[in-house]
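Engineer: from the sequence below, what's the structure:
(2 chains)
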Amino acid sequence: MTDEPRPKKSFYQNLKEIIYGMAAHDMSRYAIRTRASMEHLFILITMGDLLGIPILPPYYSLRLLPYVVPQIATWKRRMLREKDLSDAMF
Amino acid sequence: MSLKDTFLNNPERRYVMFGGKGGLGKTTFSAATAFWLASQGNKVLVFSVDPQASLSDIFQQNIFGKGPVKIKENLWAQEIDADSHIKEYQNEIRKKILDMYGFDKVPDEIEQYIQAASAEPAMEESAIFDAVVDIVVKGDYDYYIYDLVPLGHALYYLSMAKVYDEWINRITKLREEMREYEEMVSRLKQEKHTEEDQILTELTYIKNRINASSRILTDREKTAFFFVVVPEEMIILDTMKAAKLFAAFDVPLAGYVVNRVVPRELLSQDIPPYLRNRIEMQDKYLGRIKTELGEQVRAHVPELERDVTGLPMIEKLAGIMYG
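Structural biologist: Model (predicted):
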């Protein structure tokens, strides 16, 4: 293994990351989580048939299918998982 | 105003539909109208959205699923084959999945979904709907004559445009909200750009197609919807009900065409009581049609001596309707 020195970050870069971590990281984490929930809601609406819940027109939902192929496994797991109190906390 | 005048007075008209109960002559009138418009020098496509279409029968050649088939100068006819349209569409989806992810085969779960979705009853209607949008948005013809399915289905077809439109609007909105969150994260992380949301692009595409189709169906300038009615009580009642429902969907009603009127000249001949009774019955209902629909009746078409199939008979009928 070659020991390549990692490029040193500038002072400015470090400061930027610290500020991001203090101020914005939580917000963006929250935004990403909300975004993920919405993604699952979206797949539920368009691909409900996969869980046996036909929601609306299959013809056009097929058109969207290729784009959600990677998400389908995690989405199904999330939808069919048992929920408990800790879900609200984490 | 005669049927002919409704066309001459509305040069903007592009889409013509005949609706009514089954077996009253929608296909026949569609064919005759297409024939007449074509003979006036317009490029015309008459097409059927009925899975049990009868354009092949009336033109006496098999056109099912063959795309637009030329019948005569300026006149094309088409019968949409929903099944093969669905198959083609499924293959496109499969190919897209394979291309996007470099799979050798479509994952089982996804394949099952594709097949299950296609088995649903709504699939065929949606496929036809989509095929019609394909045909009309291209704008290759001066006139498009829709040979509609019987009333119930036609209403379903019309309401579908509305339901789809609302549904797509909602999910597009959800997708846009998702997009906002994504952009917010990018801003917080000070990333320069976010990836283009392909799903949003697809949704916008679907939305535009559906809107194009509902716009056509409700366009007062470009679209004319005619009801076919015959002088019989049940048919008049049903047609009135349907007309109300169609009006609720903002379909521009251009008038009524009365079909199967037994020629009154027969009364001066020696005819059996059976026929005389039928003429009297028709008189009663023709009176009713006159009081209730009045000016909106565009033409009376007599019961012909034989059924309308083949170009000579279609030409004859076109002469009666538009002569």
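Engineer: which stretches of chain A form helices?
Structural biologist: Ranges of helices within chain A are A:11-19, A:25-47, A:58-80, A:86-89, based on DSSP state H.
Engineer: and chain B, which of the ones you listed is closest to it?
Structural biologist: helix A:58-80 (3.3 Å; Cβ to the nearest Cβ). Glycine gets a C-beta too; all of them are placed from N, C-alpha and C.
Engineer: re earlier: mean pLDDT, distance to chain B and mean neighbour count for the helices of chain A - can I get that in CSV?
Structural biologist: CSV is the format used below for the helices of chain A (pLDDT from 0 to 100; distance: least, Cβ to the nearest Cβ, whole Å; neighbours: other Cβ atoms under 10 Å in any protein chain shown):
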stretch, mean pLDDT, distance to chain B, mean neighbour count
helix A:11-19, 84, 8, 11
helix A:25-47, 82, 4, 17
helix A:58-80, 81, 3, 18
helix A:86-89, 61, 20, 7
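Engineer: closest one to B:G23 among the ones you listed?
Structural biologist: Smallest distance to B:G23 across the helices of chain A (Cβ to Cβ): 29.1 Å, for helix A:58-80.
Engineer: and the angle for the closest one with helix A:25-47?
Structural biologist: 130 degrees (axes from the mean of the first three to the mean of the last three Cα atoms, to 10 degrees).
Engineer: now A:L64: closest residue in space, sequence neighbours ignored.
Structural biologist: Among residues not flanking A:L64 along the chain, A:T46 sits closest, at 5.3 Å (Cβ to Cβ, 6 or more residues apart in numbering or on different chains).
Engineer: isn't that neighbour right up against A:P66?
Structural biologist: No - A:T46 is beyond contact range of A:P66, at 11.9 Å (criterion: Cβ atoms under 8 Å).
Engineer: specify the local secondary structure of the residue in chain B that chain A sits nearest to.
Structural biologist: For chain B, the residue closest to chain A is B:S126, as judged by Cβ to the nearest Cβ, at 3.3 Å. Judged by DSSP: H, G, I helix; E, B strand; the rest coil, the three-state class of B:S126 is helix.
Engineer: ok, it touching A:Y59?
Structural biologist: Yes - look at B:S126 against A:Y59 with Cβ under 8 Å: they come within range, at 3.3 Å.
Engineer: identify the contacts common to these two.
Structural biologist: Counting by Cβ atoms under 8 Å, 6 or more residues apart in numbering or on different chains, B:S126 and A:Y59 have no common neighbour.
Engineer: which SS class is B:Y256?
Structural biologist: Assignment for B:Y256 (three-state DSSP): strand.
Engineer: so B:A299 lies in a strand, does it not?
Structural biologist: Yes - under three-state DSSP, B:A299 sits within a strand.
Engineer: and it, bridged to which residues?
Structural biologist: B:V257 (DSSP bridges).
Engineer: looking at chain B, which helix or strand does the model trust least?
Structural biologist: helix B:151-188 (a mean of 77; mean pLDDT, DSSP states H and E).
Engineer: helix or strand right after it?
Structural biologist: helix B:198-217 (DSSP states H and E).
Engineer: buried residues in that next one?
Structural biologist: B:199-200, B:202-203, B:206-207, B:209-211, B:213-214, B:216-217 (16 or more other Cβ atoms under 10 Å in any protein chain shown).
Engineer: keep the residues you listed, but drop any that are not near chain A.
Structural biologist: B:199, B:202-203, B:206 (Cβ under 8 Å from any Cβ of the partner chain).
Engineer: thought B:L317 was touching B:E303?
Structural biologist: No - between B:L317 and B:E303 there is no contact under Cβ under 8 Å: 11.6 Å.
Engineer: from what I see, B:I314 and B:D307 are in contact.
Structural biologist: No - contact criterion Cβ under 8 Å: B:I314 and B:D307 do not qualify, at 11.2 Å.
Engineer: those two: who's more crowded?
Structural biologist: When neighbours are counted by other Cβ atoms under 10 Å in any protein chain shown, B:I314 and B:D307 differ, and B:I314 comes out ahead with 24 against 10.
Engineer: contacts only, for B:A318.
Structural biologist: B:32-33, B:35-36, B:39.
Engineer: and it, that one's in a helix?
Structural biologist: Yes - secondary structure of B:A318 (three-state DSSP): part of a helix.
Engineer: give me the pLDDT for it.
Structural biologist: B:A318 carries a pLDDT value of 96.
Engineer: any idea which residue sits dead centre in chain A?
Structural biologist: A:A36 (3.6 Å; Cα atoms, centre = their mean).
Engineer: now that residue: how far from A:T74?
Structural biologist: Computed as Cβ to Cβ, to the nearest Å, the A:A36 to A:T74 distance reads 9 Å.
Engineer: kindly report the same for B:Q60.
Structural biologist: 57 Å.
Engineer: equivalent analysis for B:E177, please.
Structural biologist: Computed as Cβ to Cβ, the B:E177 to A:T74 distance reads 20 Å.
Engineer: can you check A:I32 too?
Structural biologist: Using Cβ to Cβ, A:I32 is found at 14 Å from A:T74.
Engineer: what's the answer for A:R6, then?
Structural biologist: Using Cβ to Cβ, A:R6 is found at 32 Å from A:T74.
Engineer: how far does the helix or strand encompassing B:M234 sit from the chain's center?
Structural biologist: Using DSSP H and E, B:M234 sits in helix B:233-248. Distance of helix B:233-248 from the chain centroid (Cα atoms, centre = their mean, to the nearest Å) equals 18 Å.
Engineer: buried ones in that helix, by neighbour count?
Structural biologist: Neighbour-count burial for helix B:233-248 [16+ other Cβ under 10 Å]: B:235-236, B:239, B:242-243, B:246.
Engineer: wait, what's in contact with B:M281?
Structural biologist: By Cβ under 8 Å, 6+ apart, B:M281 lies in contact with B:231-232.
Engineer: got the residues of the stretch 151-300 of chain B near chain A?
Structural biologist: B:163-164, B:167-168, B:171, B:174-175, B:177-178, B:181-182, B:184-185, B:188-190, B:198-199, B:202-203, B:206.
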